[in-house]
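# below are the sequence and a predicted model for it; my questions follow.
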Amino acid sequence: MSTFHVRVIEGGKIVLPSALRRKHGFEVGKTLVVEESSAGVTIRSLDDAVAAAQAIMAKVAPASRLLSDELIADRRAEAARE
């Protein structure tokens with residue numbers, strides 16, 4: 001793990017060092033997720049954040065069950081009742 005020093009510039013922007021951007025695939029236009037915790041701020045790609053959420057869900061939802069299909073079926077049943 002490396003440490004980098006960056007400055008906040010006009011408009012509240014920060015510039016990440018190029019080595020850090022290359023290492024993590026932070027390309028121009030890529031969406032990043034900034035998370036605040038008691039330990040500070042974490043920056044990661046949206047792809048990594050989604051993968052982490054999927055890993056959490058994989059632990060609690062059985063692989064044989066598609067929650068999205070259940071949600072769609074619930075919504076269709078609700079619409080049919082209206």
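It's in.
# so what's Val8 up against?
Listed by C-beta atoms under 8 Å, 6 or more residues apart in numbering, the contact partners of Val8 are Ile14. To be clear about C-beta, it is placed using only N, CA and C from the backbone, and glycine gets the same treatment.
# angles on the backbone of it, please.
Here is the backbone geometry of Val8 (degrees, to the nearest 10): phi -80, psi 130.
# what pLDDT is listed against it?
You'll see Val8 listed with a pLDDT of 94.
# got it, and His24?
The model reports His24 with a pLDDT of 92.
# same question, Val60
pLDDT recorded at Val60 is 83.
# what about it, how many residues close to it?
A count of nearby residues for Val60, using other C-beta atoms under 10 Å, gives 7.
# so how far is Ala53 from it?
Per C-beta to C-beta, to the nearest Å, Val60 is found 11 Å from Ala53.
# pretty sure Arg44 is touching Leu32, no?
Yes - between Arg44 and Leu32 there is a contact at 6.8 Å, judged by C-beta atoms under 8 Å.
# send the alpha carbons of stretch 43-56 over as PDB?
Provided in PDB are the C-alpha atoms of stretch 43-56 (Å, rounded to 0.1, in the frame of the first residue of the first chain):
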ATOM      1  CA  ILE A  43     -12.400   5.800  -3.700                       C
ATOM      2  CA  ARG A  44     -13.000   2.900  -6.000                       C
ATOM      3  CA  SER A  45     -14.500   2.300  -9.400                       C
ATOM      4  CA  LEU A  46     -18.200   1.700  -9.800                       C
ATOM      5  CA  ASP A  47     -17.400  -1.700 -11.200                       C
ATOM      6  CA  ASP A  48     -15.600  -2.700  -8.000                       C
ATOM      7  CA  ALA A  49     -18.400  -1.300  -5.900                       C
ATOM      8  CA  VAL A  50     -21.000  -3.300  -7.800                       C
ATOM      9  CA  ALA A  51     -18.800  -6.500  -7.600                       C
ATOM     10  CA  ALA A  52     -18.500  -6.000  -3.800                       C
ATOM     11  CA  ALA A  53     -22.300  -5.700  -3.500                       C
ATOM     12  CA  GLN A  54     -22.800  -8.800  -5.600                       C
ATOM     13  CA  ALA A  55     -20.300 -10.700  -3.400                       C
ATOM     14  CA  ILE A  56     -22.300  -9.700  -0.300                       C
END
